[in-house]
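Student: after the sequence you'll find the predicted model.
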Amino acid sequence: MRSADFREVDLAAAHEVRHAVDASSATCIVYVSGFIPDCDPDELSEHLLSWWEVEQELSWSNRPVITLRAGMVLGSGSTSFEVLGQLAGRLPVTVVPDWMNSKVEPVAIVDLTAAVAGASGSRGCRAHRSPSPGCWNR
């Protein structure tokens, strides 16, 4: 994040979105987030805490909220795609810490777009749920 106060900026934006949706004819909110571990919010990194806070703010909407939690989103031009490409080009083999061993699958931007479109047009817009495109079922 470029801003030192990104959490406040994200939360303020979520607040504005929630109020705009509540004042509109929109039928639901579809929020694309990242994976958030099932733990106390105090244990989350600043980045993950920001995602959690945005979810909490949006959940106060008068409209149903569907949160899509995606891992690495891959597509030409995406930050994840560019970083992965740079790393693979410069470090074809590297040692990584144990905590990076995860069963999260990347999701293609076209698949995520289809998931957002499906969520926004589905009956699921009538009830809160948090499906996770691009991850292993546990």
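Tutor: Thanks, I have it. Numbers count the residues shown, from 1 in each chain.
Student: what's the helix or strand hosting Ser80 in contact with?
Tutor: Mapping Ser80 onto the secondary structure by DSSP states H and E places it in helix 79-90. Judged by C-beta atoms under 8 Å, 6 or more residues apart in numbering, the contacts made with helix 79-90 from elsewhere in the structure are Met72, Val73, Leu74, Gly75, Thr94, Pro106. Any C-beta I mention is one placed from the backbone N, CA and C, and that applies to glycine too.
Student: in the helix or strand of the chain with the lowest mean pLDDT, what counts as buried?
Tutor: Scoring the helices and strands of the chain by mean pLDDT, DSSP states H and E places helix 79-90 at the bottom, with a mean of 81. When neighbours are counted by 16 or more other C-beta atoms under 10 Å, the buried residues of helix 79-90 are found to be Ser80, Phe81.
Student: now swap in stretch 97-109 and tell me
Tutor: Buried residues in stretch 97-109 (16+ other C-beta under 10 Å): Pro106, Val107, Ile109.
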